[in-house]
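K.L.:
Next comes the sequence, and after it the predicted model I'd like to discuss.
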Amino acid sequence: MSRKLLLPEALPDYGIGIGNKQRQRLEAMGRFPKRVRVTERTYGYVENEIIAYSEERIRQRDSAA
């Protein structure tokens, strides 16, 4: 299992176009992967968690059809 960290700027490469404020809201509600603090001002997301988030959105779409 990869534990690679992605900076927020890399999220669009994974199909995530959600802005910072909305990501924070979703994180607080438990509906988006939690960020990992790298330094005092830098954070990232675990790549596998972002991929799982995207796959879950696809499953929800497909089950609704």
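P.N.:
Perfect, I can see it now. From a predicted model like this one, the values you see are computed outputs, not experimental measurements.

K.L.:
Determine which residue lies closest to the centroid of this protein.
P.N.:
I50 (4.1 Å; CA atoms, centre = their mean).

K.L.:
in this protein, which spans are helices?
P.N.:
Listed in chain order, the helices of the chain (DSSP state H) span 20-28, 47-64.

K.L.:
Report the distance from stretch 24-35 to the chain centre.
P.N.:
Chain-centre distance of stretch 24-35: 8 Å, with CA atoms, centre = their mean, to the nearest Å.

K.L.:
That one: which residues count as buried?
P.N.:
Residues of stretch 24-35 classed as buried: F32, P33, R35 (neighbour count, 16 or more other CB atoms under 10 Å). The C-beta positions use only the backbone N, C-alpha and C, and glycine is treated the same way.

K.L.:
any residues touching the lengthiest strand in the chain, and which ones?
P.N.:
For the chain, the strand with the greatest residue count under DSSP state E is strand 43-46. Here strand 43-46 makes contact (CB atoms under 8 Å, 6 or more residues apart in numbering) with R3, K4, L5, L6, L7, P8, L11, P33, R35, V36, R37, V38.

K.L.:
cutoff 6 Å now
P.N.:
L5, L6, L7, P33, R35, V36, R37, V38 (CB atoms under 6 Å, 6 or more residues apart in numbering).

K.L.:
and if you look at stretch 57-65?
P.N.:
Under the contact criterion CB under 6 Å, 6+ apart, stretch 57-65 has no outside partners.

K.L.:
Only C-alpha atoms, please: export it in PDB.
P.N.:
Taking C-alpha atoms only, stretch 57-65 is exported to PDB below (Å, rounded to 0.1, in the frame of the first residue of the first chain):
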ATOM      1  CA  ARG A  57     -18.100   8.700  -5.900                       C
ATOM      2  CA  ILE A  58     -18.100   6.500  -9.000                       C
ATOM      3  CA  ARG A  59     -19.800   3.600  -7.100                       C
ATOM      4  CA  GLN A  60     -22.400   6.000  -5.800                       C
ATOM      5  CA  ARG A  61     -23.100   7.300  -9.300                       C
ATOM      6  CA  ASP A  62     -23.300   3.800 -10.700                       C
ATOM      7  CA  SER A  63     -25.700   2.500  -8.000                       C
ATOM      8  CA  ALA A  64     -28.000   5.500  -8.400                       C
ATOM      9  CA  ALA A  65     -28.500   4.700 -12.100                       C
END
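
K.L.:
Alright, calling it a day.
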